[in-house]
Structure formats: C-alpha cells, structure tokens
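>>> Pasting the sequence and the predicted coordinates here, then a few questions.
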Amino acid sequence: MKLTPMHHEHLSMGATMEERSGWLRPSVYTSVEDEMERAKSSVGISDISPAGKLLVQGAGAERLARKFLGGIGELQVGRALAGSRESGDGETFPVAVCPLAPEEMFVTCPPERRNSLVEALNAELAGVVNDNQTIVLDVTSSYAGINIAGPRSPDLLSKLTDLDLHPDGMPNLSSVQGQLAEVHGVLVRWDRGEEPGYNLYVAREYGVYVWEVLCDAGEEYGLAPVGVEAHRRLIGGAAA
Amino acid sequence: MAEPDPRQTRLPPHPSQWTDPASPVSFTYNGKQVSALEGDTIGSALYSSGARIFSRSFKYHRPRGLMCMTGDCPNCLMSVDGVPNVRTCNTPVQQGMEVRTQNAWPSVEHDALSVMDKLDRLMPVGFYYKSLIRPRISWDMARPIIRRVAGLGKVGPEKDPDSEHQHHNLHSDVTIVGGGPAGLAAALEAGRGGSRVVLIDEGPVLGGHLLSDVSVHPELEEHAGLPGYQVAARLAQQVQEMSSIRVLSGATAFGLYPGNLLGVSQGKCLYKVRSRGIIVATGCREVPHLFPGNDLPGVYLGEALRRLMHLYGVVPAGRALVVASDHRGYRLAGELAQAGVQVVGIIDARESSPGGDTADSIPVFTDSSIAGASGLKGVKRALVLDKGTGETRSYACESIVITGTYEPNTGLLAQTSTALRYDPELQEIVPEDTPSGIYVAGDVTGLHNLELSLIQGKAAGCQASLGVDRPTGTELDALRRAIREKEQAYREALEPSSPSMAPSKEAGKTFVCLCEDVTPKDLYQAIDEGFDEMQTLKRYSTLSMGPCQGKMCLRPAIELCSRYTGRTMDETGSTTTRPPLRPLTLGTLAGPLHMPVKRTALHERHVQLGAAMADVGPWKRPHSYGPVSEEIAAVRERVGIIDVSTLGKIDVQGADAPALLDKVYTHRFSNLPVGRIRYSLLCSDNGSIIDDGTITRLSERHYFITTTTANVDLMEEWLKWWNAGAGGNVHVNNVTSGYGAINVAGPKARETLSKLTDVDLSPDAFRYMRSAEGEVAGVPCLFLRIGFVGETGWEMHFSAEYSEHMWDALMDAGSEFGIVPFGVEAQRVLRLAKKHIILGQDTDMVSNPLEADLPWVVRLDKDDFIGKHALEAVKERGPRETLVGFVMEEAVVPEDGVPVMHLGQPVGRVTSSRADPTTARGFGLAWVPADLSQEGAQITIQVRGRPSPARVVHQPFYDPEGARLRE
Ligand code: FES
C-alpha cells in the first residue's frame, strides 16, 4: 500500500482511511457535511499527494506539452493551464500543466492515471519530439501535495509567505515558486468556482511539517482538514 | 482609591465621547477594584477614579502623571496582565484586567526611593561612564543596587500564557500611515480608482486629531457646519464603504524598510506590508515646554485634556492655567471653562491677544510666559513671568496646560533618505523631499490647517496611485496649485511667536528628557565637556534613549543645544532614528516559529520502535533504538537494516552525462560499465574535497548519484553549473525526496532479501559494487551492492510512498535471522572500523584527497577534472599531513577533536574515535604530520588532558581484506 507523507497526521486527526487506486487516503475526519461546510465558509486543506506529478524537461518540453494537450493555450511561465487527455479506454481525464521555466513543464493528473500518462508521454517523446534532449520524469513521490481552498485561504497563506496572493498578483490559473513557512514550494492557484483555492507542492520530507504549520496557522479561521469524500464533492469531481 | 473620587464626575454624555455610561466594566489596579466604562482606556479610567500619579521616574523617582494621552511620553507605563511597560493612556480597558504600577516601592503615591531626587548631586551627567570605575569591585557592588533602583517594569519568568503571536504579509498599491484627515482623504482618493489601499491607524477609531475636535469648520465647503469629530466620522464612513481599502486600526507602523516594506504591529500580530507607494500622514504631536517643575503631575499637553474631555468625558478638578500661542489654546481654554473647570488665565507670549474663541470671563496675560510650577505630588502653584516688566507672579492652580508647540511625526520618514530640515518660518523640523514612492500629507508637513491637510491628502492619494489606474496627472496639477496657494496664505497668517524661554543653568529641576531624567543642566554640562553635537550628546547624557525614543525631548534638546552653542538647528543636527518607532514585544517580532523539519517516510516506524531521534541538519534520524553495541553485533553476526532515505540522490541523464561526471569527479565515469558502481570524490579548483558518494551507471546515458545528506543541494547546483558552462545535454534532477532508501547489511542480508525478491543475489551473480533493478516485496527497487558498514549488504532505493511497506516486509523476512534495525551511531562505529571517512567530520574545508589517504580515488591520468592541477601540485610537493588510522595502546578512548601531541606540542587532531568493543581501547582517525604517518608510528594523543600513547594503523581495523564485503 502506498502512503502519503502526511499519512500519520491523518491517523492522529482521527481520519477514517480508505484505499483508492493503491493509496491509503483519509476519506473523512469529522463528517462530509461538516468538512464541506467549514471549507466553504472558511478554509479547508486536503492531502492531494497521490496525484500524478511529472516533469517534462528539455528543449522539446513545450512542443511535447502543446502536442500532447492540444490547444491548451499560451504556455507562459507563471501560468497554470487546465487540459484534458483521452485515455486508452476512451475516457477523458483532467491534466494540468504549469510551466515552471521555459523548458520545464510540471504536469499533474489524477492518481490512477500516473503510470499510463508517463508511458504515453514517453511514447510521444520518442515518436514526435525525438530530440534526445527532452525527458519525462515521474516526480510523484518527490512532492507532498496539499490543496488549500476556501474564502480564508489567501489569509491563511499570507501568514506563511510574502508572495503577493491578491488576484492582481496571482490570478486564478497561475503558478509561482517561492518560500512558504521557510520551505520552498510550488503554489498553483486553482479556484473552486468563486472561492479561491491553491495547490501547494513541497518536498515530501517537509509534508508533515507544512501540514502542521497550516493547521496551526489556520486555527484562528476554523480550518478543516477535508477528506477525499468532501474534497471530491467540493471540486465537483474535477481536476487532480 | 477603591472608590471613584467623589470630586471626579464624568461630564454629561456627548456624541464625541467614546465611553458608554450604560456599560460599566471593572479591573484591578495594584490589586484594588476600579470601575470604568466601556470605551475607556486604562489611563482615562484611572484618571477618572482620581489617580494622578501614574509612575515614578527612572532615575530620581519623581512622581509623573498623564501628560500626552497620545502614547508619546513615558509617564503612563504600567504592567498590564503581566506585560510590562504598557502605555495605559491608549490601551483600552477590558473587564478583569490586572494593572500594576512599576518602578516604585511601596507604591507610586508613596515611593521610598523618591529620596533619589535629593541625591542628584551624586549622579551628574554621564556618571555611568565616569564613576564607579575604580576599584573595579565598586561597579559590581553598585550594579545590583542601580538595577533595583532604576529601570522599568519586570518581565515575568513565566511564558506568556496566550503567546499566540501571528505574522501576516500584505501587499498593496498604496499604503497610508495615519488615519487622520489627510490620511483619510488620501485613502479615499487612492482607493477611488480601484487601487489596492491599506490604511494603518494607531487609534481604535479612524479620524486622528479630529476625533477630539468639537469645533466647527466653516472653511470646509463639503463639511460646513460640522464639528471636527463628525467630519472624521463622515470620512471614516466613506473609507469603510470602499472595498478596495483595507483598514488596520489600532496598528502601529514601527519601521519603514528598504523596498517600501512597512513593519506594522497590531496587538499580537505583525504585518509586513509591501507597497508600491507609501503616504506618510502621521500628523504631529505637541512638545512640552521647559520650565522648572515641568514634569509634575498636572502639567498636560493640550491634546491630553482634549482627549480626556471629549473622548472620555473627564476633566481635571480645580483650577487650570493655559499656555497658548495661537487660537487653539484659546479654544481649549474655552472648552475647559465650559466643562466646568475654573480657568485661572491664559498665558500668551505674544504682545497682544487676538481674542476671539474665548469666553470673556477668562483673564489673558499677554507678553507672558510660564516660569515654573511647584507642588509636592502635583501642581499646586504656577509662576508666570511678565516679560515686559520682568516680574513674576504666582497663581494657585492644579493644572497647567501647554499648547501651541508642535513637532511633526517624522519618525518613519527619518528611516528613509528623506531630508528633514528646520523651517524657521514654521519653527518646525519638516520633511523637505522624500524618496520616490514615498509621499507626505497633513500635519507631518508642518502645516497645521485642516483644509490644507485634506487637499494634501487628496493630492498624495492621487499621485501614489498614478500609473495604477490613472493615466494622467492633470488632476494632480490642479491640486498642487491649490496646495501652493493655501500654503502661502497659511504662512502669511503665521504670527511670529517669540521662542520659548531657554532655562538658565541655575533654574530648579526642569526636565528635557522625561524617560531618563535629563535636565538642561545636565546637557549644558555635557556640552561643556565636549559632547556638543546631538549624536554624542545623546550617548553621553542618555537623552532620548528611554521608552519614548526622543518623542518628547529631542526637539527641545536640539533647540537647547543650538542656542547654547550658537549654531543653527540644522547645524546642531539630530540623532539617527531607527525602527522600532514604538516599543514592541519580542514575541511580536518573533511570531510563530517556523523551524522546518525533514522527516523520512519511515519516521513513524522509528518512533514506534522507541528510537532516540537525533537532529542531523534539518533531518530527524534515529540515533539508536537500544544499546548500540547490540546493534553493531547484529550487523556483524546476523543482519541489520538502517533507514538511509536522507542520502542525497541525483538523477543525471543525457548524452553528455559521462563527460560531465568525468569533469567534476576525481574518478573516471565514462568508462564505468553499465550496472557498476564506483565511489568517488568531488573537489573544488584548489583540490579540497567538496563531497563524496557513489555513482551508479544505469544505462549508457543515465547515472544515479548519491551524495552526502547535507550537500545534495550544493551538488545539484554544482552539476547544473558545470553542465550549463559546457553547454552540455544533461538533465540533472535532485530526486532525494522521491526515493526511500534502506540498507540491509550483515551475513544474513542475502538470505533475508532473497525471501522477497527474484533477483539472483548469489555472490557470483551479484558482485560487490554492482547494481540491478528488480522487485522486492512487489515494489520496484534499485539494488546497490555497497558496503559502508563493512558487511555484505545492499542499499535499496524505491518510491518513497512504499517505505513503510518495505520496512515491514524486511523486518518480517529477517525475523527468523534475528534482524535488528540500527541507527546512525552504530553505523558510525561500523564505518570507522572500515576506515570509511565521513565528510565534514574527518575532513574539513581544506582537506584534499591525497592527504586524506584516498589516492586511489583520484585519476591524475584523466584529461582534466576540477581540482586536477591543484592535486598534481600536492602530489609533487608530497603530503604535509595525512589522515591515518590509530589504535590506543591503553584502554582509553579519546574524544572527537582532541589534539595529537608531539614533543609537548599539538601537531594534529583526532577526527573520529570510538571504543573497540572487545579490547575497550580507542581507535579512529586522526590528522598527523606526514613524518608521523607511517604504519606503526608511535603518536601521543591527549585524552582528557593526559597524554596517552597510540599507534598508526594503515589497514582498516575490521576485515582489512574486505572479504566479508565481497562474500
Ligand atoms: S500619557 Fe500615555 S504616553 Fe503620555
């Protein structure tokens, strides 16, 4: 069984765990309704570490992403682009691409699509780009992923980072790298309808630390840990 | 003082008041109950209950009372709920607060230490520096007494019970400091077009000095007929309604740092506000006049009484004398009279009184000035000098109200490159030009006119938001014209007021600096001793070094100094203003501590096994799970596992990867066959060792590198740097976080692992320093057969999310062989027995591989690599010192780091040392001079201060042939 970096945090917060595509995940901490309510009125955090995370790196990275995700829009550094991909079985699944640097694309997908996406990208790399200068790296295990969403999420984050989180500085569908609670992270703004939301990725070994810092800092807002169940409903089944 | 003084009744309710007679609250003052009203500050409540002495002064223990009511003087400091030095005049009361006075014994009313006041002759200016020096013991004896007598409150030893300090970051287009009329106008103008605006105000309610202003302002067209406090309310309302403005009330901007970063404290929060533009609208404060007795309780600055009266509905009992130099003083006198205070008279330095504003019943003494105040615990009489006749007359009164001298609050500006100059016309030190991105408006400019303040605010708001949402500056030009006109009119209407009297050297106790009890006499003496400019005068006399940080004293001191030395105000200069502008608690600055901790994916397993965890850099690692000797024995005799996930891991791939590694490492890698592992070092240009690790060739163009735990980030950068320099096609990725790693070692390692994998681990199929990929317990793994601990073993790397699964599977499989987890300490002993070095422990910044006894790692026959030339030079000159193994001749164990001695001199040092479990003798590694480095050489090691013989050993102490490793 695969465990996320924050596995024992969930256990100590009394979460009921469930298995989903090979990962043991917190399905619910208090109750689905309570978690949804608090996340909607204040701020909620969810462990999204199982999401597939790939790095497409090299001279052909942009070309590959463009080809692969077709019509995805301007691949500008600092943006976050939502696309979708058809899988072998005819279903489509959501994919997000954040250009971290001109030759570096950070791609996320639902946990169960991780392996097939790596394979598909590698196949495409050999077939389409074939420049011997571009690679696809599966970095799923390298990052702890935390979704932070709700009306108070910018307030919560602004306690921990001096990044400008205002929509002027960081609009929906943008990404930035910076320090958060003294730790390097990739922050992707991913609003949930009208409510601001963020996906934060930090090195796996900092997962527990960052989770705890968020819980502490969010106490004053009544932060709720949000289980898989409530999280799914909140995002309406979309995105990683 | 348990009951409110019956003479003190509150004024009838008035809309300007903040206090709510319907909501009484109570708190304790030195243990006694005091009743107050909701809306009171601690200061106003105590004052209304009859308290007049609020503190005792720092040095002479003189009684001091409310003076400014604006938080600018040191007189009202008390300890509130255990926090010392709280300014009670602007701290709102809360039910149940515990308030205590400080620096007085037994009480502020009867302070035994007031005897100090009579001993001033013993404490001349600078006595800190020039007395009690010889004999040296005298200072040691005096210090505890001085500490006891002088000083401020005490910090309790307990932890702050609710130390919930928070830090926030804010970003804005325009930040305005000061919520008075200018600040409000600026905010409205800047926010109008949608700029992001932050408005920082010290008070609980927006409005600044307008809040205590009950007079009407017919000159304001927009607000004609409204008293000042209603104008404030109107503007504040508009600000609150504007969604683009974020208001921080009760907040102090204490520092303005480069990059337009403002430090702001609000209760237990600290805000770091970054903005494109900052408007400083901090207003001004009144400054005290210098006359004997000017520090007595009962001497007030005008604003103090305005606030007491109009915000809290309190007035002083008895008679009052008002010192005025413009219409504001007259107006205040009128307001006092109306509130029932008997105003004995108005003292006006001007030759004729302009009349106006005052009730006719108040006598006006023109061409006069205040010459002294007397009384024991408060003002009883005032001396008034008639400047025409030179006569002084004495009046009985309980209050002396000082008005008319203003000083702009330029503290924040002084922290920038703003030029502050003395304006002789305004007789104030005002900002002349500000650096770009910083604007000023309102009373801080030295112009005290409401209409002008509003226009200035508007203009500043307009200018600061230029470029954000305003394309042109035409509007701004019009505003600037209006400012110029009004300023001219203002200056023309100024009446020349003769400067306030400079006290003579003989005058009784006049205080320039209230915080540190500095008198003009002290200053004159210090100037006579040569400290004649402000920077040194300050240090010598301690002027302005107290809690008010010069807010009350700096201006009068500059004036005194300038007059005494005959230089201009600008020549006299000022002191350097540094943050914080107002005192902060250390807790506020510290905030919540964020100490990043790295935990491996096996952290919980270690904790469950009862491991003693050690901090290894930012990582938490198990030091040991039980007796270290047992862990060592298990690895030697059976099998042990250790979590090595902290190892730095770098993935290097690309066509030019072999060339890159040849370039940066001392060994050769282009010829390393696929599936093989090689140990190597990495040096800097001067040949000193930077890092070591193993390099595994996974495929023609793909390597997997391990680095020391601490150096992985440096290695990643180093590799990327040299690759970029060579323009090579190599991808360097730090994959440390992604992989869990466990080392399985010991004679039973093979059998343990074989139970979980199909990979053929037999000695011939899987040789030492080879790698393979395969599954263990269903998890894809990279096997590296290496032997840091000197036994047959494999280091397994796998996706981190499987770590616990892997650990459990191994423990399970090994249980029949007596598997044991071992920690960092056992690993250290085991590797030392094999003479494997630990970088940074056994080497330092200047160690090179040849002298570190690792010549086999360096391929000087390679084309070129970083450090090659330096190492060739070392080889040519021969080693100077060498890292060698040693064994003690006796059963003693030296500590890491002790010296190696020769002929009574230290010539080297022990880097690592542990006890041999069988002989109890110490062994380890040491740097020794080259001539003491041959096998068997006798050396002496200092063990706990005693020289002890040891012998140099070249072979590893354990399994010198490496047979066990290769088995
Ligand atoms: S009276 Fe409180 S600081 Fe002056």
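Okay, I see it.
>>> hey, where'd the strands end up in the stretch 551-700 of chain B?
Here the stretch 551-700 of chain B has its strands, by DSSP state E, counting those that start in this stretch, at B:612-616, B:619-624, B:640-643, B:648-653, B:677-683, B:689-699.
>>> no wait, chain A
In chain A, the segments counted as strands under DSSP state E are A:2-3, A:16-20, A:23-28, A:44-47, A:52-58, A:81-86, A:92-101, A:104-109, A:134-138, A:143-149, A:174-180, A:183-189, A:197-203, A:224-225.
>>> Direction included, what does the second one pair up with?
Same thing as strand A:16-20. In the sheet, strand A:16-20 lines up against strand A:23-28 (antiparallel) (DSSP bridges).
>>> Tell me how many other residues surround residue 195.
Since no chain was named, I'll use chain A. 17 (other CB atoms under 10 Å in any protein chain shown). Backbone N, C-alpha and C define where each C-beta goes, glycine included.
>>> think we crossed wires, I meant chain B
With neighbours defined by other CB under 10 Å, the count for B:Ser195 comes to 26.
>>> Was I right to think it contacts B:Met242?
No: look at B:Ser195 against B:Met242 with CB atoms under 8 Å: they stay out of range, at 10.4 Å.
>>> which other residues reach stretch B:545-554?
B:58, B:68, B:72-74, B:77, B:85, B:152, B:285, B:287-288, B:411, B:512-516, B:518, B:538-539, B:543-544, B:574-575, B:577, B:581-583 (CB atoms under 8 Å, 6 or more residues apart in numbering or on different chains).
>>> Show me the shaky parts of the chain.
If you meant another chain, say so; for now it's chain A. Scanning chain A for pLDDT under 70 picks out the ranges A:69-72, A:237-240.
>>> that answer is for a different chain, and I need it for chain B
The model of chain B has pLDDT under 70 over residues B:1-9, B:119, B:121-123, B:126-135, B:146-153, B:156-163, B:354-360, B:467-473, B:496-508.
>>> domain parsing for it?
Annotated domains of chain B cover B:6-116, B:166-285+B:408-493, B:289-404, B:498-593, B:598-831, B:880-961 [automatic domain parsing].
>>> rewinding a little: would you mind finding the most buried of the strands of the stretch 551-700 of chain B?
Counting by mean count of other CB atoms under 10 Å in any protein chain shown, strand B:640-643 has the highest mean neighbour count of the strands of the stretch 551-700 of chain B, with a mean of 27.
>>> Keeping just the C-alphas, turn it into PDB.
The C-alpha coordinates for strand B:640-643 follow below in PDB (Å, rounded to 0.1, in the frame of the first residue of the first chain):
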ATOM      1  CA  GLY B 640      20.600  -5.200  10.300                       C
ATOM      2  CA  ILE B 641      18.600  -2.600   8.500                       C
ATOM      3  CA  ILE B 642      19.000   1.200   8.500                       C
ATOM      4  CA  ASP B 643      16.900   4.000   7.000                       C
END
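>>> Wondering if that strand reaches chain A at all.
No: Strand B:640-643 stays clear of chain A (CB under 8 Å from any CB of the partner chain), getting no nearer than 12.0 Å.
>>> what number of residues lie near B:Thr389?
B:Thr389, neighbours per other CB under 10 Å, totals 10.
>>> what does B:Glu241 give?
B:Glu241 - counted by other CB under 10 Å - has 10 other residues nearby.
>>> got the phi/psi numbers for it?
phi -80, psi -10 (degrees, to the nearest 10).
>>> now B:Asp177: how far from B:Gly437?
Quick fix: residue B:177 is Val, not Asp. Using CB to CB, to the nearest Å, one gets 13 Å for the distance from B:Val177 to B:Gly437.
>>> more neighbours, these two?
B:Val177 (29 against 14).
>>> So what sits opposite the more buried one in the bridge?
Beta bridges link B:Val177 to B:Ile200, B:Val280, judged by DSSP bridges.
>>> Mind checking which of the contacts of stretch B:545-554 are buried?
Applying a neighbour-count criterion of 16 or more other CB atoms under 10 Å in any protein chain shown, the buried members of those are B:58, B:68, B:72-74, B:77, B:85, B:152, B:285, B:287-288, B:411, B:512-516, B:518, B:538-539, B:543-544, B:574-575, B:577, B:581-583.
>>> Inside helices: which ones of those residues?
B:Gly411, B:Lys538, B:Arg539 (DSSP state H).
>>> before we move on, back to that, of the strands of the stretch 551-700 of chain B, give the one that comes closest to the ligand.
Proximity to the ligand (CB to the nearest ligand atom) singles out strand B:612-616 among the strands of the stretch 551-700 of chain B, at 45.3 Å.
>>> Please enumerate residues in contact with that closest one?
Counting by CB under 8 Å, 6+ apart, B:His606, B:Val607, B:Lys620, B:Arg621, B:Pro622, B:His623, B:Ser624, B:Tyr625, B:Thr646, B:Thr709, B:Gly823, B:Val824 sit against strand B:612-616.
>>> Could you measure from the second one over to the ligand?
By that I understand B:Val607. Relative to the ligand, B:Val607 is positioned 52 Å away (CB to the nearest ligand atom, to the nearest Å).
>>> show me what contacts that residue?
Per CB under 8 Å, 6+ apart, neighbours of B:Val607: B:Met613.
>>> What of the last one?
Taking CB under 8 Å, 6+ apart as the definition of contact, the neighbours of B:Val824 are B:Ala614, B:Val616, B:Arg621, B:Pro622, B:His623, B:Ser624, B:Ile642.
>>> what's it sitting at in phi/psi?
The phi/psi pair for B:Val824 (degrees, to the nearest 10) is phi -60, psi -40.
>>> And it, how close does it get to B:Arg491?
In terms of CB to CB, B:Val824 sits 76 Å off from B:Arg491.
>>> B:Arg285 now?
B:Arg285 is 21 Å from B:Arg491, by CB to CB.
>>> Report the central residue of the chain.
Assuming you mean chain A. A:Asn199 (4.4 Å; CA atoms, centre = their mean).
>>> wait, I meant chain B there
Most central in chain B under CA atoms, centre = their mean is B:Leu589, positioned 4.6 Å from the mean C-alpha point.
>>> residues from the stretch 251-400 of chain B in reach of chain A?
Counting by CB under 8 Å from any CB, the positions of the stretch 251-400 of chain B adjacent to chain A are B:Lys272, B:Arg274.
>>> The same query, at a cut-off of 7 Å, please.
B:Lys272 (CB under 7 Å from any CB of the partner chain).
>>> Skip the chain neighbours and tell me the closest residue to the residue in the stretch 251-400 of chain B that chain A sits nearest to.
Closest contact between the stretch 251-400 of chain B and chain A, by CB to the nearest CB, is at B:Lys272 (6.4 Å). Spatially, and ignoring its direct neighbours in sequence, B:Lys272 is nearest to B:Asn169 (5.1 Å; CB to CB, 6 or more residues apart in numbering or on different chains).
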